[in-house]
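In: Just need the structure, nothing else, for what follows:
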Amino acid sequence: MNLPVRNLPAPSLPAPSLPVRVARWSAGHPWRAIVGWFLFVAVCLGVGVSIGSNPATTKDFRVGEAGRAEAMAAEGGLQQRPVERVLITARPGTGPLDTVAAEAAAQDAAGRMRGLPHVLSVTDPIRSTDGTAVRVDVTLDVEEREGPDHVAPLQARTAEVQQAHPDVWVAETGSPSISKGVNHQRGEDLSRTEMIALPVTLLTLLFVFRSAAMAAVPLLLALSSIAAAVGLSTLASHVFPDAGVGTNVILLIGLAVGVDYTLFYLKREREERARSGGRLTSQAVVELAAATSGRAVVLSGLAVAVSSATLFLADDVIFASIATGTIVVTLVAVASSLTVLPALLVKLGARAERRAERKATRAAHRDRSVRAKQPRTDAGRIISALLRPTSRHPAATLVVSVLAMLALALPLLGINLTDMGRETHSRAIPAMRTYDRLNLAFPELKSMHQVVVRADPGLADEVTGALRDLERRAVTDPALAGTAELRTSPDRRISMIEFPVPHYVSDDAAQDSLDRLRKDYVPATVGRLAGAETAVTGDVARYADYPQHQMDKLPLIVGALLLVTFAITVGAFRSVVLGAVGIVLNLLSAAASLGVLVWVFQGSWAEGLLGFTSTGSIGSRVPLFLFVILFGLSMDYQVFVISRIREAVLRGVPTRTAVLDGVRSSAGVVTSAAFVMMTVFASFVGLHIIEMKQIGFSLAVAVLLDAFVVRIMILPALMLLLGRASWWPSRGAGRVSSTTTTDGDGVPVSQPLKNVG
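Out: Now for the predicted structure:
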C-alpha cells in the first residue's frame, strides 16, 4: 500500500514575488497572521469610531453656475436654509377644511416652534389660494446638510399639535424631514439587502466547495474587510469628505470583491492540493496558489483601485466618496487575501490532512488502496455548450456575440440623463406623502429660481433697480408664480431675488423657464451692469447643472480610464494586443449593460416587475459610476482567465489549446464569482432609492454579460483568431518555461511560473 508522502519541501522559487513571500510568512506563522488580521480590523474600527467621520458640507456639493451663485449668496449670508413646513388640512372624509380649527392649529404650531433650538424664524399662518390648507414655515439656522440632524424636536412639536387638534390633519414636511426619512428607509433597505445577499452568497460557496468551513472563509474575510474599510474610510473622510454614500459603496463593492478574491485563491489552492495527490505540505500548496492566483488578485485589486481613482477627476464630492470607499475596501480585500487567507488555508489543510490520514488508515485495515482526488478539469455542461461553437467556429461566434452585445447597447443612443429630484423618493416615507399634499395646495412651492448678483456696495441701488426690472419682465412668464422676494446682504455687496416656480424641477416648463431666465431676462437687466457678477441658482438650476457638470468631465474621466486600463493590462501580460482587446471588450460590456438599463428604466413596462415608477430618465450618476466600476471589476475576470491561458502558453502549449484549456479551467471559478457578484448587486434592486436601484440592476447585468458572454465566448474566440499575435510584442509567450519539477518519487509537481500573469 502506498500512503501519501508528506513533509516534502516547497519547490525552490527563484526571486519569489511579494504575494509568495507574504504567503510563506503567513503559512509559517498561521496564528500570528490570523490574530494580527483581526486585531488590524479592530484597530481600524476603533480608530474610525474615536476620530469620527468628516461629513461633506453644503459647499462641497456646489457645481456649475448654480454652485457659483450659492457661493456668492453665502458670502452675504443669503444662503438657502433648511425649511420645515407644518401643513394643516381637513381630515379625509370630513368635508371642507374648518378654517377656524385650522387657524387655531396653525397658531398653536407656530407658538410651539418658536424658541426651539436652531429655529431661526417662524412665519405666521399662510392660507392656500383655494382655502384647502394652512401652513406654517419654520426656518432653521443651520446649513442645508445639517437639517436632518435637528428636525426631530420640530417633528415632536408637530405630533403634539396633532394630538391637541384632532379635528384637522396636521403633518410636517420639508428638506430636513424628507432627508431624514430617506436615510432611515435606506438603512432599512440595506439591512434587508444584507439578509438576502449573505445567505445566497453562503449557499453559492457551499455549492462550489462542498464544505462549510471552506465556504465560510470567503464570507468571513469579506465581512472583516468591510469592517476594516469602514473604519479606514472614516479616516479618509478627513481628506475626502464623506457625502453619505461611502458606507453604501463599501457594502456593495466589498462583499463582491472580497468574496471574489478569496474565491480565486481558494480554488487554485484546492486544485494544487488535489494535483499534488497529498505529496506536498499545506504550506507548499499555499505558496503555489500565491504565485499564481495571488498575483492575479493583486493585479485585479490594483485595476479596481486605479480605475476607481479616475472618479476623482469628476471634481464632485459624491464621486470622490464613491472612489474613496471603493479604493479602500478593494485594497483591504486584497490585503486579507494575501495575509490572513494563507494562514487559514494552512490550518484547514492540516485538518484535511488529518482526515485523509484517518481515511487511509481505515482503508488499510480493509486492504483498500487510497487514490488521491484529482482536480476537476471539465467546465460543466453549460460552459462546455458555450465553448463548443467558440472552438469550432470562432469567427462566426465572435461576429454573432458582438452583434448581440451591440443590439443590447442600441437603446443607449436614446439615454436621457437627469438628476433625480426630490419628487422621485418613495411615498412610503410619511414626509413625502405630506410633500405631495403641500404641493397640491401650494403649487408655487414645487421649485424656485434664485438670481444672485455681486457688485460694489456703491452699485447697490442700481442692482436693486435692475432686479426689479427683471421681476417685471419675469412676472408675465407663465412658468413662474407668486411674488418675487428680493434680499440684500448687510454690506450691500450681494443681492438675491427669488422666483417661485409652480412646476417640479424635472418638468419641461421648469427647465424652459430656467433657459429664459439665463439667456433672456438676466442678460437684458442685471447682466448689463458693468462691474456686476451674476449667476442663477435654485432647485431647477441645481437639477440642470449637475448632469451638465458630469457630461463636461466625462471625456477626461473616460480618457484616463482607458489609459490606466490599457497600461495595467500591458504591464501584466506584456502584450499591447491584449491591452487593446481589454479596452474594447470592457467598452462593449459597459455599453450593453447601459443599453439594457435604458430599455428597462426609461420605459414603464418593468415598473411592476422591479417595483419602481419610471421617471423616463436615468440618474445622472449611474452611467459614470457603472462605467468606471465595471472597468475595474471586469479586470478580475480578464486577469484570471488570461493568467490561466498564459501559464499554458509559457509551458509551450499551442495557443489554441491553451486558450480553450485556460477558459475551461477558469470557467468554474469565474462563473461562481460572477454569481456571487450578481447576487450582491441584484439585491440592491430592492432598494427604494431609484438611483441605487438602477446601479444595482446595471451592475448585475454587466457582470452577467461580462462573465458569460465576453469572457467565455468573445474573448476566447478573438484569441483563437489572433493566435500567437495575441501576445505581441512579447517574445517569451511561445517558449517553453520550466514550470514543473518532480518529487523524490518522480511525481510531477506544479511549480509557480516566474512573470506569469
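In: for stretch 436-452, how far is the first residue from the last?
Out: In terms of C-alpha to C-alpha, to the nearest Å, the two terminal residues of stretch 436-452 are separated by 29 Å.
In: buried set for it?
Out: Using 16 or more other C-beta atoms under 10 Å as the test for burial, stretch 436-452 gives 437-439, 441-452. To be clear about C-beta, it is placed using only N, CA and C from the backbone, and glycine gets the same treatment.
In: Narrow those to those in strands?
Out: Ser447, Met448, His449, Gln450, Val451, Val452 (DSSP state E).
In: for this structure, what spans make up the strands?
Out: Going by DSSP E, the chain shows strands at 83-90, 119-122, 126-127, 133-140, 168-174, 417-418, 447-454, 485-488, 494-501, 533-537, 618-619, 740-742, 748-750.
In: Give me whichever of these is most buried.
Out: Mean neighbour count (mean count of other C-beta atoms under 10 Å) peaks for strand 447-454 among these, with a mean of 26.
In: Just checking: what are the partner strands of that strand?
Out: According to DSSP bridges, strand 447-454 forms sheet pairs with strand 494-501 (antiparallel), strand 533-537 (antiparallel).
In: what pLDDT, on average, does it get?
Out: What strand 447-454 shows for mean pLDDT is 95.
In: where's that strand relative to the chain centroid, distance-wise?
Out: 33 Å (C-alpha atoms, centre = their mean, to the nearest Å).
In: Outline the domain layout of this structure.
Out: If you go by automatic domain parsing, the domain ranges for the chain are 1-52+211-357, 64-73+429-537, 83-141+151-180.
In: ends of the shortest one, how far apart?
Out: End-to-end distance for domain 83-141+151-180: 13 Å, by C-alpha to C-alpha.
In: try stretch 451-471
Out: Across stretch 451-471, first to last residue, C-alpha to C-alpha, it's 10 Å.
In: Would you mind listing the buried residues in that stretch?
Out: Across stretch 451-471, burial judged by 16+ other C-beta under 10 Å covers 451-455, 459-460, 462-464, 466-467, 470-471.
In: cool, stretch 270-289 as well?
Out: 270-273, 275-289.
In: What residues does Leu610 make contact with?
Out: Contacts for Leu610 (C-beta atoms under 8 Å, 6 or more residues apart in numbering) come out as Val600, Val685, Lys693, Phe697.
In: quick one: which of these is nearest Gly111?
Out: Lys693 (42.2 Å; C-beta to C-beta).
In: Surely the closest one is in contact with Phe684?
Out: Yes: applying C-beta atoms under 8 Å, one finds Lys693 in contact with Phe684, separated by 6.8 Å.
In: ok, these two, which is more surrounded?
Out: Phe684 (24 against 21; other C-beta atoms under 10 Å).
In: so what's that one up against?
Out: Here Phe684 is in contact with Thr193, Leu252, Met692, Lys693, Ile695, Gly696, Phe697, Leu699 (criterion: C-beta under 8 Å, 6+ apart).
In: Ok, Ser575 next?
Out: Thr569, Ser726, Trp727, Trp728, Pro729, Ser730, Ala733.
In: Mark which of those residues are buried, thanks.
Out: Thr569, Ser726, Trp727, Ser730, Ala733.
In: Leaving out sequence neighbours, find the closest residue to the second one.
Out: Spatially, and ignoring its direct neighbours in sequence, Ser726 is nearest to Met719 (4.9 Å; C-beta to C-beta, 6 or more residues apart in numbering).
In: Would you state the helices of the stretch 351-500 of the chain in chain order?
Out: For the stretch 351-500 of the chain, the helices defined by DSSP state H, counting those that start in this stretch cover 380-392, 394-409, 430-441, 460-474.
In: between those, which gets nearest to Glu647?
Out: helix 380-392 (18.4 Å).
In: Can I get the buried ones among the contacts of Ser575 in CSV including distance to Pro523 and pLDDT?
Out: Output for these, formatted as CSV (distance: C-beta to C-beta, whole Å; pLDDT from 0 to 100):
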residue, distance to Pro523, pLDDT
Thr569, 50, 87
Ser726, 58, 90
Trp727, 60, 89
Ser730, 60, 75
Ala733, 63, 53
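In: Tell me which two of these sit farthest apart.
Out: Thr569 and Ala733 (14.4 Å).
In: Tell me the predicted confidence for the closest residue to Ala484 other than its chain neighbours.
Out: The shortest distance from Ala484 to any non-neighbouring residue, by C-beta to C-beta, 6+ apart, is to Glu471 (4.7 Å). Per-residue pLDDT puts Glu471 at 91.
In: Please apply the same query to Ile583.
Out: Ile583 is given a pLDDT of 91.
In: In this structure it contacts Leu561, no?
Out: No: taking contacts as C-beta under 8 Å, Ile583 lies outside contact range of Leu561: 9.2 Å.
In: Compare the two (neighbour count), which wins?
Out: Using other C-beta under 10 Å, the more surrounded residue of Ile583 and Leu561 is Leu561, with 25 against 17.
In: residues near the residue nearest to Ser391 when sequence neighbours are not counted, how many?
Out: In this structure, Ser391 finds its nearest non-sequential neighbour in Leu660, 5.5 Å apart by C-beta to C-beta, 6+ apart. By other C-beta under 10 Å, 19 other residues sit near Leu660.
In: my guess is Leu660 meets Ser384, correct?
Out: No: counting by C-beta under 8 Å, Leu660 does not reach Ser384; the two are 10.5 Å apart.
In: Quick check: the residue nearest to Ser726 vs Leu87, distance?
Out: Distance of Met719 to Leu87, computed by C-beta to C-beta, to the nearest Å: 64 Å.
In: just Ala333 next, same as before
Out: Distance from Ala333 to Leu87, by C-beta to C-beta: 48 Å.
In: same check, this time on Ala159
Out: On the measure of C-beta to C-beta, Ala159 and Leu87 end up 14 Å apart.
In: Likewise for Met496?
Out: 26 Å.
In: and what of Ile196?
Out: 37 Å.
In: Number of residues surrounding His393?
Out: 14.
In: Need phi/psi at it.
Out: When quoted as degrees, to the nearest 10, the phi and psi of His393 stand at phi -130, psi 70.
In: The helices of the stretch 351-500 of the chain: lowest mean pLDDT?
Out: Among these, helix 380-392 carries the lowest mean pLDDT (a mean of 80).
In: just to revisit the earlier point, distance to Ala484 for the buried residues of stretch 451-471 - can I get that in CSV?
Out: What follows is the buried residues of stretch 451-471, written out as CSV (distance: C-beta to C-beta, whole Å):
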residue, distance to Ala484
Val451, 9
Val452, 13
Val453, 14
Arg454, 19
Ala455, 19
Leu459, 20
Ala460, 18
Glu462, 18
Val463, 14
Thr464, 12
Ala466, 13
Leu467, 8
Leu470, 8
Glu471, 5
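In: Low-confidence bits of the stretch 651-757 of the chain, can you list those?
Out: 731-757 (pLDDT under 70).
In: show me where it has helices.
Out: Under DSSP H, counting those that start in this stretch, the stretch 651-757 of the chain gives helices at 655-682, 690-705, 715-722.
In: That'll do, ta.
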